[in-house]
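>>> Need coordinates for the below:
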Amino acid sequence: MYKELSELKDKRILVVGLGKTGVSLCHFLTQHGAQVTVTDHKSKPELSAQLEPLEGMPIKFELGSHSPKTFLQQDLVILSPGVSPILKIFEYARSQGIKITGEFEFAQGFIKEPMVGVTGTNGKTTVARLAESMLKESGISCWVGGSNERPLTDYLRSGEKAQVVIVEVSAFMLEHTETFNPSNIVFTNLAENHLDRYRSMEEYINAKRRVFRNTNQMTTSILNADDNAVVELARDPAVQRGKIFYFSRKQALEPQIMNIGGAVNIGDEVRVRTGPEVEVFSVKSIKMRGKHSVENVMAALLVSREHGATKEAIQKTIDAFDGLPHRIEYVRKVRGAVFYNDSKATNVHAVLRSLDTFDENVILIMGGKDTNLNYEPLRNMIKRKVKTLILVGEAKERINRELGDFSETFLIGTFEEAVLIAFHKTRIGDIVLLSPGCSSHDMFDSYEERGDYFKQIIKKFQ
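Numbers count the residues shown, from 1 in each chain. Next comes the predicted model:
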């Protein structure tokens, strides 16, 4: 059941969290006549950059703390994705009958256009941007947003009417979903992540599972057949109500997948069946690095084909798309050593995929904010491929305990010093790889800022 914008007039709404999403919500809500209050645990000086675009707007601010009284005066409380939903003040407000939801669940209820929900631990942005390129090249308009992109509220504010709305859906965004019912669900992979927010891997998986909450006969789910955790989720009866396309890099699965529909990578080809005929696409000229890049191509190909992308447009995108910044991004070659920026690798699964791209002689820079992940799965890859491990940031001591015995290892005080030491350790043919396996939020505001700083440092090398 879609919501109407007229419902917002004079409604008392509390926005919790004044990041990028909170600012967008404030603009949207005031535009449609809601009575808006904003609360954030940060102080006014800390939020000066976020407050600037809201200056002069009819908004009440409660900064530096959260007041229970303010919560009880609201018709609706909307949480930004970065705000944990299990704070005691939220439990209290719910017990008093106050409705609490998340920005994503709130915004999607106003959208009538076909939606694609792309979720998974890694690869969401690449799949979304590949699918966007395939569709636009076919003359089909689409809007892309969600986690690490634009808040979904930005789409509502834009007044745009795209033919397809593609949303990257993080676990944080799924926590509040009740009515989200996309035309397509893309599930890229599932691995340990965000254990600073979730008390267990099971809790994280349960948040991800909510993407399937409202599947029906009209839903097409596009799932990674090579990821056991994703396959397990697909066995849930809730998923089975709709159509499923699998994608795989395992040639042995070709007969099974071609029978039910999906995509399989065989050598330099991807074989695809979404209708009666099997189609073949070439991945020989793919520019993105990493074996997992073909998985991202297959996922995007299947969803874009579902929405009418042409075979010619899909092939053109596969050949031309050269990846996104901060994802195994080539930076430059200095004195025979090649530098790669993989700052987006904020979990162990992403580091494994990054290391799998290279053969040996890797100088690996890891570390950042400790999110309680288990680094032991990296041991064999570190032994085989990493000649020097350079650790920095809040998590460096714990990573050292779990991985430090498997290569020459240095624990460094500053990020700049870590990059400089990596440079001094290089020999001709070495790979210097920033693939942190951690959030950036101990030293940087974002993984983008971290990756950009890495590139700035390297550009100065002679």
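>>> Tell me what the residue lying closest to Gly413 once chain neighbours are set aside is bridged to.
Take Gly413 and drop its neighbours on the chain: the residue closest to it by C-beta to C-beta, 6 or more residues apart in numbering is Val392, 7.6 Å away. For every residue, glycine as well, the C-beta is placed using N, CA and C. Beta bridges link Val392 to Ile412, judged by DSSP bridges.
>>> show me the contacts for Val392.
365-368, 411-415, 417-418, 443 (C-beta atoms under 8 Å, 6 or more residues apart in numbering).
>>> cool, Gly19 as well?
50, 80, 82.
>>> So which of those are in helices?
Among the contacts of Gly19, the members found in helices (DSSP state H) are Gln50.
>>> What's the PyMOL syntax to select whichever of the contacts of Gly19 are buried?
A single PyMOL command selects the buried members of these (16 or more other C-beta atoms under 10 Å):
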select buried, resi 50+80
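>>> Would you reformat the contacts of Gly19 as CSV and include pLDDT?
Formatted as CSV, the contacts of Gly19 follow (pLDDT from 0 to 100):
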residue, pLDDT
Gln50, 95
Ser80, 95
Gly82, 89
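>>> In CSV: the contacts of Gly19, plus distance to Tyr453.
Below are these laid out as CSV (distance: C-beta to C-beta, whole Å):
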residue, distance to Tyr453
Gln50, 22
Ser80, 25
Gly82, 22
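>>> nearest to Ile399, of the contacts of Gly19?
Gly82 (24.1 Å; C-beta to C-beta).
>>> shouldn't that closest one be in contact with Gly17?
Yes - using C-beta atoms under 8 Å, Gly82 is in contact with Gly17, at 5.9 Å.
>>> In the helix or strand hosting Leu233, which residues are buried?
Using DSSP states H and E, Leu233 falls within helix 228-234. Of all the residues in helix 228-234, those buried under the rule 16+ other C-beta under 10 Å are 229-230, 233-234.
>>> any idea how far Leu411 is from Asp430?
20 Å (C-beta to C-beta, to the nearest Å).
>>> Of those two, which one has the most company?
The neighbour comparison of Leu411 against Asp430 (other C-beta atoms under 10 Å) goes to Asp430, with 21 against 16.
>>> Tell me how far the nearest residue to that one once chain neighbours are set aside lies from Ala345.
Among residues not flanking Asp430 along the chain, Ala337 sits closest, at 4.4 Å (C-beta to C-beta, 6+ apart). According to C-beta to C-beta, Ala337 and Ala345 sit 19 Å apart.
>>> now Glu397
With C-beta to C-beta as the criterion, Glu397 and Ala345 are 20 Å apart.
>>> Then His326?
Distance from His326 to Ala345, by C-beta to C-beta: 9 Å.
>>> More neighbours: which of these two?
The neighbour count for His326 versus Ala345, taken as other C-beta under 10 Å, is higher for Ala345 (27 against 23).
>>> Grab the nearest non-local neighbour of the more buried one.
In space, Ala345 is closest to Ser435, 4.2 Å off (C-beta to C-beta, 6+ apart).
>>> ok, how many other residues are close to that neighbour?
With other C-beta under 10 Å as criterion, Ser435 counts 25.
>>> Repeat that for the one 10 residues further on.
Neighbourhood size, Asp445 [other C-beta under 10 Å]: 9.
>>> In a helix, it, correct?
No - using DSSP: H, G, I helix; E, B strand; the rest coil, the assignment for Asp445 is coil, not a helix.
>>> ok so, going back, most neighbours among the contacts of Val392, which one?
Neighbour counts for the contacts of Val392, by other C-beta under 10 Å, peak at Met366, which reaches 29 neighbours.
>>> Thanks a lot, catch you later.
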